[in-house]
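Trainee: sequence and computational prediction follow.
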Amino acid sequence: MAPMKPNAPSQAPSPPILYSFKDSDDLSKNLADFVIKAQNEAIERRNKFTLATSGGSLPKMLAKYLINRTDNAVRWDKWQIFFADERLVPLSHEDSNYALCDQEFFSKVPELKREQIHTIDESLIDDAEEVADAYEKQLAGAFAGKESVRNPVFDLILLGMGPDGHTCSLFPDHELLTEQSRWVAPIEDSPKPPPRRITFTYPVLNHAHRLAFVLAGEGKQEMLAKSLDEPERGLPASRVKPAPPGDLYYFTDEAASKTVQYAKSEFKL
Ligand SMILES: O=C1O[C@H](COP(=O)(O)O)[C@@H](O)[C@H](O)[C@H]1O
């Protein structure tokens, strides 16, 4: 893989923007509008929309108000979808992030073609290094051209946050938190099962055009507060700091954001 170069001169990243919606349904509705706005701007710029999604609780909230829109606002044919992390299991396995997204989202959108969805090569899953390298090559291919020797710049990356503060498959105190030379890294000791996974690294996350954490429910309260109010803890989620002109958002509901002190912003598109 080509050496990594910074994509932008070093300026301070913009502070995260925190939105709090009344419940997870309201969150999903507004998230759909936000995704469509990101999609429209991306199509205007480059005639395609590159999105990376996570697994866990996110796909259901993402799909809810996107899949049934009747206003043709979603330009499905322009979407290129990647996974911010993936578990090293067959794509049909119940632990696979692809399988989850397919069940909650992709299978409900007939316009979305399989070749627009960039999955791991499941024939390689016995070798985590190989899977990560092959997935990195897929990224390099999709972002070829001017960006080929730089870090990929996703139009939008959607992230979850686990109860320990992990995001993607980047876990607290893990050596991958300082990984700077790979875009996609293998991990074979994930504290959350299954242990074998691949994950985007910070060189990818921190060059995205937009990133959004999507967190609903009381179970997210403690880690949301720790990541926004105590960034000095260095939790994996707090280390997501997209380089300018990238922006970072937190889409939360009142249950998740009840105890956070960080200032909330009014949602506007
Ligand atoms: O293991 C994972 O967990 C995180 C968080 O999941 P959640 O269920 O707490 O929302 C998820 O973002 C990641 O993609 C997944 O592999």
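Mentor: Yep, it's here.

Trainee: now do stretch 157-173, average pLDDT.
Mentor: Stretch 157-173 comes out with an average pLDDT of 97.

Trainee: name the residues of that stretch that are buried.
Mentor: Of the residues in stretch 157-173, 157-162, 165-171 count as buried by neighbour count, 16 or more other CB atoms under 10 Å. (Glycine included, C-beta is placed from N, CA and C.)

Trainee: repeat for stretch 214-223
Mentor: Under the neighbour-count criterion of 16+ other CB under 10 Å, stretch 214-223 has 214, 215, 216, 220, 221, 223 buried.

Trainee: identify the farthest-apart pair in those residues.
Mentor: Among those, the pair separated by the greatest distance (CB to CB) is 214 and 221, at 14.7 Å.

Trainee: ok, stretch 115-135 near the ligand or not?
Mentor: No. Counting by CB under 6 Å from any ligand atom, the ligand is not contacted by stretch 115-135; separation bottoms out at 12.4 Å.

Trainee: can you give me the end-to-end span of that stretch?
Mentor: Start-to-end span of stretch 115-135 (CA to CA, to the nearest Å) is 14 Å.

Trainee: mind checking which of the buried residues of stretch 214-223 are in helices?
Mentor: Using DSSP state H, 221, 223 are the members of the buried residues of stretch 214-223 that sit in helices.

Trainee: wait, what's in contact with residue 174?
Mentor: By CB atoms under 8 Å, 6 or more residues apart in numbering, residue 174 lies in contact with 187, 189, 236.

Trainee: I'd like the distance between it and the ligand.
Mentor: 13 Å (CB to the nearest ligand atom, to the nearest Å).

Trainee: that residue and residue 50: what is the separation?
Mentor: Applying CB to CB, to the nearest Å, the value for residue 174 to residue 50 is 26 Å.

Trainee: wait, residue 156 sits on residue 242?
Mentor: No. In this structure residue 156 lies outside contact range of residue 242 using CB atoms under 8 Å: 11.1 Å.

Trainee: identify the contacts common to the two.
Mentor: Contacts common to residue 156 and residue 242, judged by CB under 8 Å, 6+ apart, are 208, 209, 210, 211.

Trainee: identify the bridge partners of the third one.
Mentor: Read it as residue 210. When bridges are called by DSSP bridges, residue 210 pairs up with residue 247.

Trainee: neighbours around it, how many?
Mentor: 22 (other CB atoms under 10 Å).

Trainee: could you do the last one as well?
Mentor: Other residues near residue 211 come to 25 when the count uses other CB under 10 Å.

Trainee: dump the residue contacts of it.
Mentor: 156, 157, 158, 159, 205, 240, 242, 246, 247, 248, 249.

Trainee: skipping adjacent residues, who's closest to it in space?
Mentor: The shortest distance from residue 211 to any non-neighbouring residue, by CB to CB, 6 or more residues apart in numbering, is to residue 157 (4.6 Å).

Trainee: helix or strand right after the helix or strand where the one you found lies?
Mentor: Residue 157 belongs to strand 156-159 when assigned by DSSP states H and E. For strand 156-159, the following helix or strand on the C-terminal side (DSSP H and E) is strand 184-187.

Trainee: strands paired with the next helix or strand after that next one, and their directions?
Mentor: Next along the chain after strand 184-187, taking DSSP H and E as the criterion, comes strand 197-200. Strand 197-200 pairs in its sheet with strand 85-87 (antiparallel), strand 184-187 (antiparallel), by DSSP bridges.

Trainee: what packs against whatever helix or strand comes next after the shortest one?
Mentor: To tie it back to what came earlier, the one meant is strand 85-87. Following strand 85-87 in sequence order, the next helix or strand is helix 97-104 (DSSP H and E). Applying 3 or more CB pairs under 8 Å, 6 or more residues apart in numbering; DSSP states H and E, one finds that helix 97-104 contacts helix 58-64, strand 79-83, strand 85-87.

Trainee: deepest of those, which one?
Mentor: strand 85-87 (a mean of 26; mean count of other CB atoms under 10 Å).

Trainee: hmm, that one touching the ligand?
Mentor: Yes. Using CB under 6 Å from any ligand atom, strand 85-87 reaches the ligand at residue 85.

Trainee: lovely, talk soon.
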